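Trainee: A predicted structure for the sequence below; I have some questions about it.
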Amino acid sequence: MNVEILQISADTIPSLKAWAEQLGGLPFPLLSDYWPHAAVGKAYGVLNEEKGFDKRAAYVLDEKGVVRYAKVYEPGTIPESKELLEALGKI
């Protein structure tokens, strides 16, 4: 599949860097959507402005940038790879 994975977080860049290093590195970029700007969280409707962070969500966009899959997860829940791969397979 010709895909790119990006992780976007409301954490600061130093925080994301430390987390990635703690995991031994990641095979995809980590992007910071740090509060108070949080433009990505606002654009996708997942920003919790009272708490200053985004809800956990996963999106699959096609090559034109059209959202083909979207799911918001309960706090503490991690998106399932199988579910995301199935969404990719439908594009």
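Mentor: Great, that's in hand. Residues are numbered from 1 along each chain as shown.
Trainee: for L31, which non-adjacent residue is closest in space?
Mentor: The shortest distance from L31 to any non-neighbouring residue, by Cβ to Cβ, 6 or more residues apart in numbering, is to I8 (4.6 Å). Any C-beta I mention is one placed from the backbone N, CA and C, and that applies to glycine too.
Trainee: for burial, what's the neighbour tally of the one you found?
Mentor: By the measure other Cβ atoms under 10 Å, the count of residues near I8 is 19.
Trainee: distance of L23 relative to V72?
Mentor: 24 Å (Cβ to Cβ, to the nearest Å).
Trainee: which one's more surrounded, those two?
Mentor: The residue with more neighbours, out of L23 and V72, is V72; 14 against 8, by other Cβ under 10 Å.
Trainee: my read: that one touches N48, true?
Mentor: No: counting by Cβ atoms under 8 Å, V72 stays clear of N48, with 10.9 Å between them.
Trainee: any idea how far R68 is from the spatially closest residue to Q7 that is not a sequence neighbour?
Mentor: Closest residue in space to Q7, ignoring its immediate chain neighbours: L30 at 5.1 Å, by Cβ to Cβ, 6+ apart. Per Cβ to Cβ, L30 is found 23 Å from R68.
Trainee: of these two, which one has the most company?
Mentor: Neighbour totals were compared for L30 and R68, and L30 leads with 16 against 13 (other Cβ under 10 Å).
Trainee: so what pLDDT did that one get?
Mentor: Predicted confidence (pLDDT) at L30: the value is 89.
Trainee: G25 looks like it's in a strand, true?
Mentor: No: counting by DSSP: H, G, I helix; E, B strand; the rest coil, one finds G25 to be coil, located in no strand.
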